[in-house]
Structure formats: C-alpha cells, structure tokens
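[1] I'd like to go over a predicted model; first the sequence, then the structure.
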Amino acid sequence: MVNLAFPVLVAIFIALGFWFKVSSPSDLSSLSVTYFGIPVLVLLFSASMGAGSKRAIDYIPGEWKRQTVWVNFSEYERMVEAHEKAYGHLYASAAGGLTCCVLFPVSIGLGILSTLYQQFQPPLFGNLVDSFILIAVQYGIVSVLGFLVGYRVVKIDPKTFFKPPLSGDSYAFSRELASVQGVRAGVSVEVGERGDMHTILGAECKAYLDGLPDTVTIKVQVSKSGFVYPYLVGTIYKGGTVDKATTQVRLRTKYPGLFEFSMDKDVAVVVGRFDIPKRSSDVPYVSKADFRILAAELVRILQETYKP
C-alpha cells in the first residue's frame, strides 16, 4: 500500500510545484520555493515513505528446520553472498545514513541548475512546458533517491530475526588460522530451512588441532583500545593440566609473544598474545603474518600440553 501510494503523492507534489510556479511571479523568491523549498519537503516525505515501506514488511514467526554444518571460510563466504542477495535488503545499511546527508546537497544542486536554466536559458518548448519538465525531473529524482535511502536506513523489525553474517577483525584473523599448519579452522553454521526459504540462523568461527579431539580448541579475540589487538585463547578440556604462569617467547615477529597459563576447573587455558610496549612513538600494529606465527607457537604449546 505504501509503494502504491508513493508515486501518487509524488505526482501531487509535482502538480503543487507546477501550480505554484505558474500562479506566482517569476521572481527569485518564487523560484526558490519551487526549486528549493518544495523539493526539500519532497525529500523528507520520500525518505519517510521509504522507511514506512520497509517497516510495512511483516516477518511471520514460524518453525525453522535447523541443521548445523561445518564449512571452510570460502564456502561460508559463498553462503553469505547468497544470504545477502536474498535478505540483505531487509537489514539497515550504515551507508544509507551517510547517503542521507548527501541528499540535501544533491537537492540544492538540482535546484540551482533549474533556477539558472529558468533565468538564463531561452525556453525550448515554451515557459510552461519547460517549467513542468524541470519540476517533474527534479522532484522525480529527489523523491526516488529519498525513498531508496529511507528504505535502506531502517530494518524491518527492531528484533533481528536473521543473525548478520560474521565480519570485522575477529573474522579476518580467524580466517588466518586456516593457513597455520596443524590447525583445522572453519565456520560452524546453523542453517535454517522453512518452505522454500533457506537462511543463516547463526555462525561461529571455530578452530581445532589436527590429530587431537575437538576438546582442544583455539579461539580468536580482538581488543580495540586505540588499535586492533588480536590474541588467541587455547583451551584443553580434560586433557592436561598447566601451572599458572606467564612466559615470554622470542618469535620471528615485531613483538615478542606472551603466553599466559591457567586452569579453569577441568579446562587448561593458554592465552597467546603479543607483548606490546605500553608506551610507543608509533601506533602498534599486528600484521597477519606475525599473527600466524603466534598461532603456530600456540599450536605447539597445546600439542605438548595435551595428555590423553
């Protein structure tokens, strides 16, 4: 209903702008209302209509047939691509908010061009026809852009029913584990099926060690306190014990490795991170190559610690 009403109401705005143009003196103030004032109203109206169109999409709750599958990162990214193609338009877009700020200058720029044309360009088809064409084109462009941006900046429901795909630094560094010898890294994906619909209901990056049971895992964590600081948490469930300690290891990396050992009931925990100086003239940076070396050292430590 919103989509059907939108072009009708835009046509009303075009008629209103044309009526104001022909019923008012062709002075600068009249042109300002026609090509600047009313288009801003059209822009705001169209954005609200676009948001209303998105909100009008109803998600009907129902039962999903769930299945968990293990895939490598390339397979997961292909799944995400299909997921985005099917459902990406239902989410809010961060880029939409930035585009919204650009629409006002676009509207003003179109108004300036229309005003200059009316003031200095001889009419091509007569004053009335030229005015109608200018108004229809300007209002049409502004309304379509406003509608699309309004549609993109909101999501269909305040509660997210499809989990957004994995992304960001944590995913990027988890992907690097797949290149470390002795590590079996990938994504555990919960796939949902409901009628003809298939979707990603959830996903989690996981990494295990070759030759060891799944009770030995590695997980990537990323801290952001002024810079991206990835570190690794290795765990062994009922397969070894460690004494609480902290050990610095010299690696072929920019910063030395720092490994912290502790026990959490039946779980041996080894945290691997880089020992980065608290004070530095440069912003600390952990390369992916250094991160892989740190991960390889953690793999060695976990293999030595595990006792079946």
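    That came through, no problem.
[2] check which element follows the helix or strand that residue 149 is a member of along the chain.
    Using DSSP states H and E, residue 149 sits in helix 127-152. Following helix 127-152 in sequence order, the next helix or strand is helix 168-176 (DSSP H and E).
[3] could you tell me the angle between the helix or strand just after that following helix and helix 168-176?
    Using DSSP H and E, the helix or strand that follows helix 168-176 in sequence is strand 183-194. Using axes from the mean of the first three to the mean of the last three C-alpha atoms, to 10 degrees, the direction of strand 183-194 lies 120 degrees away from that of helix 168-176.
[4] what's in contact with the helix or strand following strand 183-194?
    Of the helices and strands lying after strand 183-194 in sequence (DSSP H and E), the nearest is strand 197-209. Contacts of strand 197-209 with the rest of the structure, by C-beta atoms under 8 Å, 6 or more residues apart in numbering, involve 64, 66, 76, 79-80, 83, 86-87, 162-163, 165-166, 170-171, 174-175, 177, 182-192, 214, 216-220, 299, 302-303. Every C-beta, even on glycine, is put in place using the N, C-alpha and C of the backbone.
[5] may I ask which helix or strand of this protein has the lowest mean pLDDT?
    helix 94-120 (a mean of 63; mean pLDDT, DSSP states H and E).
[6] low pLDDT regions in the stretch 1-150 of the chain?
    25-28, 92-104, 106-107, 109-127 (pLDDT under 70).
[7] can we see that at 90?
    Low-confidence segments of the stretch 1-150 of the chain, defined by pLDDT under 90: 1-64, 82-150.
[8] hmm, back to that, elements contacting the helix holding residue 149?
    Counting contacts by 3 or more C-beta pairs under 8 Å, 6 or more residues apart in numbering; DSSP states H and E, helix 127-152 is packed against helix 2-23, helix 38-55, helix 94-120.
[9] what's the shortest one packed up against?
    With contacts taken as 3+ C-beta pairs under 8 Å, 6+ apart, helix 38-55 sits against helix 2-23, helix 94-120, helix 127-152.
[10] kindly export the helix or strand immediately after the first one in the chain (C-alpha atoms) in PDB.
    By that I understand helix 2-23. Once the chain leaves helix 2-23, the next helix or strand it forms, by DSSP H and E, is helix 28-32. The C-alpha coordinates for helix 28-32 follow below in PDB (Å, rounded to 0.1, in the frame of the first residue of the first chain):
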ATOM      1  CA  LEU A  28      13.900  34.800  -7.400                       C
ATOM      2  CA  SER A  29      11.800  34.200  -4.300                       C
ATOM      3  CA  SER A  30       9.200  32.200  -6.300                       C
ATOM      4  CA  LEU A  31      11.900  30.200  -8.000                       C
ATOM      5  CA  SER A  32      13.400  29.500  -4.600                       C
END
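[11] so which elements touch helix 28-32?
    So helix 28-32, by 3+ C-beta pairs under 8 Å, 6+ apart, packs with helix 94-120.
[12] one more pass at 10 Å, please.
    Packing partners of helix 28-32 (3 or more C-beta pairs under 10 Å, 6 or more residues apart in numbering; DSSP states H and E): helix 2-23, helix 94-120.
[13] list the buried residues for that helix?
    residue 31 (16 or more other C-beta atoms under 10 Å).
[14] and stretch 221-230, by the same measure?
    Within stretch 221-230, the residues that qualify as buried are 222, 228-230, counting by 16+ other C-beta under 10 Å.
[15] and which of the residues you listed is nearest to residue 196?
    residue 222 (37.2 Å; C-beta to C-beta).
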